[in-house]
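J.: okay, here's the prediction I keep looking at, along with the sequence it came from:
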Amino acid sequence: MTLALAATAVATAGTVIAGEVAKLTRRRAKQIDPEAGPLDTAEYAIASAGVATQDTVNVLVEGYGAASRSETILFNMLSGFVGGFALMRLSTTGMRGGWWPLGNVNVGGRHIHHFVPGILIAFASGGAGLVTQDKAFEQALAVPFGVGVGLTFDEAALLLDLRDVYWTPEGVLSVQVSLGASAILGATILGLRILRRGERRVEEAGLIPAAA
């Protein structure tokens, strides 16, 4: 169930990018042959797909740059959250399976759970964001803040129960997967807005064909 939920969340985000590539591929195909109908030949698809992928990158970059300050901060924070959450899930699974190159962190015989550095990272980046006057730096600090929150929330069940329930059903399903899926879906929604804005800007610059 955990893997199914994680796959669904990742597929949701992937569908956004795939949909954008497909739409721009259709535009490029029309540019190659204005009289062509829907993509019904491999020739049009091959000729258009590569350029459309570059168009999608341009749309994403321009859209990110055109996003408002609050949208950029939220997007960075959510991206950091998902990245930190995914990294911890991968590393702890690898440690349990014996294939991860690093092991548990122990200080004085005491195991240091990853919510500890998570809290420190979130506190440090959040505090720096409050005192800085540099807007670009403030937006960048949203990434480590999200990472710190992701590391902390990944062990929220332990903090709530005051016992190590990391690999129990309630620890994995009720907390980690729900929060991870919610973060990815939230990032997907913001990503859609960024893509739409970027598409308009790239289209106005004449870098991609105009919509019909």
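T.: Yep, it's here.
J.: now do the helices in this protein.
T.: Chain-ordered helices for the chain, with DSSP state H as the definition, fall at 2-32, 42-66, 69-97, 115-131, 135-153, 156-161, 169, 178-204.
J.: any buried residues in the fourth one, and which?
T.: Pointing back at helix 115-131 there. 115, 118, 121-122, 125, 129 (16 or more other C-beta atoms under 10 Å). All C-beta spots, glycine's among them, are computed from the backbone N, C-alpha and C.
J.: now for those residues: which two are most distant?
T.: The span of the buried residues of helix 115-131, defined through C-beta to C-beta, is set by Phe115 and Gly129 at 20.4 Å.
J.: give me the most central residue, the protein.
T.: Taking C-alpha atoms, centre = their mean, the centroid of the chain lies closest to Ser79, which sits 4.1 Å from it.
J.: for Gly118, see how far away that residue is.
T.: Noted for Ser79: a distance of 16 Å to Gly118, by C-beta to C-beta, to the nearest Å.
J.: now Val82: closest residue in space, sequence neighbours ignored.
T.: Leaving aside its sequence neighbours, Val82 sits nearest to Ala183 (C-beta to C-beta, 6 or more residues apart in numbering; 5.0 Å).
J.: hang on, isn't the one you found packed against Ala86?
T.: No - applying C-beta atoms under 8 Å as the test, Ala183 and Ala86 come out as separate, 9.8 Å apart.
J.: out of the two, which sits in the busier spot?
T.: A side-by-side neighbour count of Ala183 and Ala86, using other C-beta atoms under 10 Å, places Ala183 first with 25 against 17.
J.: pLDDT at Leu207, what is it?
T.: At Leu207, the predicted lDDT confidence score is 80.
J.: revised request: answer the last question for Tyr64.
T.: At Tyr64 the predicted local confidence, pLDDT, stands at 83.
J.: excluding its backbone neighbours, what's nearest it?
T.: Excluding the flanking residues, the one nearest Tyr64 by C-beta to C-beta, 6+ apart is Ile194, at 5.5 Å.
J.: isn't that neighbour up against Leu74?
T.: No - checked against C-beta under 8 Å, the pair Ile194 and Leu74 is beyond contact range at 10.8 Å.
J.: more crowded one of the two?
T.: Ile194 (21 against 18).
J.: now the more buried one: how far from Ala122?
T.: From Ile194 across to Ala122, the span is 24 Å (C-beta to C-beta).
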